[in-house]
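[1] requesting a structural model of the entry that follows:
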Amino acid sequence: LPLIDKKKDSALFGHDLLSMLAAFVARNMESLENVPKSEVVALYSGLATYYEQRGNKDAAILERLNELQVRQEYDGMDKSLKRMSPKEYKAALLDMISRNEGNSVCADVYSRLLDADMAPKEKLEYARIAMKKYPQSEFFNRFKSVEAEVLSPQLNVRMESRILCGKPIGTTVSFKNCSSVTFIIRGRNVPAKAKVQTFELHPASDYTVCEDKLALSSLPAGNYRIIAEADGAKDSCALHLTTLKLVSMPLPDKRIRMAVVNEQTGRPIADCKIIFYESNDWRSKERYRETVRTKTDASGEVIIKAVQGSYAKAVLNEFDETEIQSVRESYGMPGERNSETVIRLYTDRSIYRPGQTVHVAGLVYHREGDEVKVASEGKYTINLIDANYKTIASKDVQVNEMGSVDADFSLPSSCLNGRFQMEMNSGRVSFRVE
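    Now for the predicted structure:
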């Protein structure tokens, strides 16, 4: 016989060689794609029956748990096996608990139950029951962790997509177990009365996430950091405000007519600085490099050669400036037949947390001169690039008849915060992970 290390699980199986060999076989069967899941289920079911007949309830419970786990995680490829729905999986675990309540191994069943789909209040009740019944169990800290998770405060803050200087700042707060939220505004241009703002919240009694809409006091142009704190929970986001709007119009001979106007009134801004940029190699930590600077005339306009820069921003003073924006689309001048394939990528949000899912969608179209036509076919690869400019995930997509593509990416639960990117050929969109 081979040498084996007799540990806790081995004792539950009576230190028999069958359990060790069966576990080895089951793991290998689960890892092989050509082995039907029904055969894995049959193996665990047979083992459970064997141990039941021998009067070993501990081992039988563990094998039934393994059987349920395979059924619940089953991907649907094996037509001979019916996948358990989350509701059926939960019901099966509760049935095991009711039939084996006095058995210490039942703590393992409670641990699996707490991973099942259920409301937070119900999960809290089961965690507390398990802690009371099995205080000496190896899963006790797991039960306590679930209790702490349900009772812990949670806070997420989102600003409206379009915020005007001098107007209230629409803010959506998602929260649980929080009775109030305090916003701390940081920046070089924050009025004293707006630096700290507190709002009352009304959390749900069942520990579910609530949502409320608030209006923060208005702020002048500038870059700000909004820090929200609520009963120990924290969230933050960046906020950029400007009074300026930078617009462009293509002209013959590869020129661009650019104008800077007040975002709210539309009035032109004279003597306003415009800085042009080119994109750096994506591996560079500096995304853009400056190419040229100019200023608007008395009518708030300036005409430049398109080759002077693919991106631009308007700067009125040290606080009031636009974000860098693309002017590349202006290169298709009237009367010219320049052709190109354009890819535009979009994400469903601008800020995500580690572990969240990013939904990315894209539009692919062909442009020749003034004519535009969506692509009706084509295969592309979308890459997820982290804050260190490293590709951490890729997905192949197919363009549909509407010229669109889409995919979902799960962010790592533990990753470096910063600016992430989605890239598909020449198309790119960035977002923040905080």
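
[2] could you pull out the strands in the stretch 251-400 of the chain for me?
    With DSSP state E, counting those that start in this stretch as the criterion, the stretch 251-400 of the chain has strands at 255-262, 273-279, 288-295, 301-305, 311-315, 325-326, 339-347, 351-352, 357-368, 371-374, 379-385, 391-398.

[3] now the stretch 51-200 of the chain
    So, for the stretch 51-200 of the chain - with DSSP E, counting those that start in this stretch - the strands run 154-159, 169-176, 180-186, 196-200.

[4] now these in CSV, with mean neighbour count?
    Every residue, glycine included, has its C-beta placed from N, CA and C. CSV is the format used below for the strands of the stretch 51-200 of the chain (neighbours: other Cβ atoms under 10 Å):
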stretch, mean neighbour count
strand 154-159, 19
strand 169-176, 20
strand 180-186, 17
strand 196-200, 13
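
[5] what's the closest of these to Glu101?
    strand 169-176 (31.3 Å; Cβ to Cβ).

[6] pLDDT at Ala230, what is it?
    For Ala230, the model assigns a pLDDT of 95.

[7] wait, it sits on Ser174?
    No: between Ala230 and Ser174 there is no contact under Cβ atoms under 8 Å: 10.9 Å.

[8] mutual contacts of the two, please.
    Leu155 (Cβ atoms under 8 Å, 6 or more residues apart in numbering).

[9] lowest-confidence stretch among the strands of the stretch 251-400 of the chain?
    Mean pLDDT is lowest for strand 371-374 among the strands of the stretch 251-400 of the chain, at a mean of 68.

[10] pull the contacting residues for Ala130.
    107, 110-111, 114, 137, 139, 143.

[11] got it, and Leu216?
    Leu216 touches 168-169, 171, 183, 185, 194, 197, 226, counting by Cβ under 8 Å, 6+ apart.

[12] related to what we said a few turns ago, tell me the one of the contacts of Ala130 nearest Gly266?
    For the contacts of Ala130, the nearest to Gly266 is Leu114 (57.6 Å; Cβ to Cβ).

[13] just give the nearest non-adjacent residue to Gly300, would you?
    Excluding its sequence neighbours, the residue lying closest to Gly300 (Cβ to Cβ, 6 or more residues apart in numbering) is Pro268, at 2.6 Å.

[14] surely the one you found is in contact with Val247?
    No: Pro268 is beyond contact range of Val247, at 10.3 Å (criterion: Cβ under 8 Å).

[15] return the distance of Arg112 relative to Arg128.
    17 Å (Cβ to Cβ, to the nearest Å).

[16] neighbour count: those two, which is higher?
    When Arg112 and Arg128 are compared for neighbours, Arg112 comes out ahead with 19 against 15, by other Cβ atoms under 10 Å.

[17] tell me who's in contact with the more buried one.
    Counting by Cβ under 8 Å, 6+ apart, Arg112 touches 65, 68-69, 93.

[18] in those, find the pair that's most separated.
    That would be Gln69 and Leu93, which, of those, are the farthest apart (Cβ to Cβ) at 10.2 Å.

[19] hmm, Glu434 and Arg353 touching each other?
    Yes: contact criterion Cβ under 8 Å: Arg353 and Glu434 qualify, at 6.8 Å.

[20] out of the strands of the stretch 51-200 of the chain, flag the one nearest Ile256.
    Nearest to Ile256, of those and by Cβ to Cβ, is strand 154-159 at 31.1 Å.

[21] how far off strand 169-176 does the closest one point, in degrees?
    Per axes from the mean of the first three to the mean of the last three Cα atoms, to 10 degrees, the angle that strand 154-159 makes with strand 169-176 is 160 degrees.

[22] packing partners for strand 154-159?
    Packing contacts for strand 154-159, counted by 3 or more Cβ pairs under 8 Å, 6 or more residues apart in numbering; DSSP states H and E, involve strand 169-176, strand 222-230, strand 233-241.

[23] following element in sequence after the worst-scoring helix or strand of the chain on mean pLDDT, please.
    Counting by mean pLDDT, DSSP states H and E, the chain has its least confident helix or strand at helix 8-12, which shows a mean of 65. Proceeding N to C from helix 8-12, the next assigned helix or strand is helix 17-31, under DSSP states H and E.

[24] buried stuff in that following helix?
    Using 16 or more other Cβ atoms under 10 Å as the test for burial, helix 17-31 gives 19, 22, 26.

[25] what would those residues look like in TSV with pLDDT and distance to Ser205?
    Formatted as TSV, the buried residues of helix 17-31 follow (pLDDT from 0 to 100; distance: Cβ to Cβ, whole Å):
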residue	pLDDT	distance to Ser205
Ser19	72	46
Ala22	74	47
Ala26	74	44
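
[26] re earlier: so can I have TSV of the helices and strands packed on strand 154-159 showing distance to Arg162?
    As requested, the helices and strands packed on strand 154-159 are exported to TSV (distance: least, Cβ to Cβ, whole Å):
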stretch	distance to Arg162
strand 169-176	9
strand 222-230	16
strand 233-241	11
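
[27] Glu160 contacts Ile169, doesn't it?
    Yes: between Glu160 and Ile169 there is a contact under Cβ under 8 Å: 7.3 Å.

[28] what distance separates stretch 135-149 from the centre of its chain?
    Using Cα atoms, centre = their mean, to the nearest Å, the distance from the centre of stretch 135-149 to the centre of the chain it belongs to is 28 Å.

[29] ok so, going back, any chance of the strands of the stretch 251-400 of the chain in a markdown table, plus mean neighbour count?
    Listed next are the strands of the stretch 251-400 of the chain as a markdown table, based on neighbours: other Cβ under 10 Å:
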| stretch | mean neighbour count |
| --- | --- |
| strand 255-262 | 19 |
| strand 273-279 | 18 |
| strand 288-295 | 14 |
| strand 301-305 | 16 |
| strand 311-315 | 21 |
| strand 325-326 | 13 |
| strand 339-347 | 16 |
| strand 351-352 | 18 |
| strand 357-368 | 17 |
| strand 371-374 | 11 |
| strand 379-385 | 17 |
| strand 391-398 | 14 |
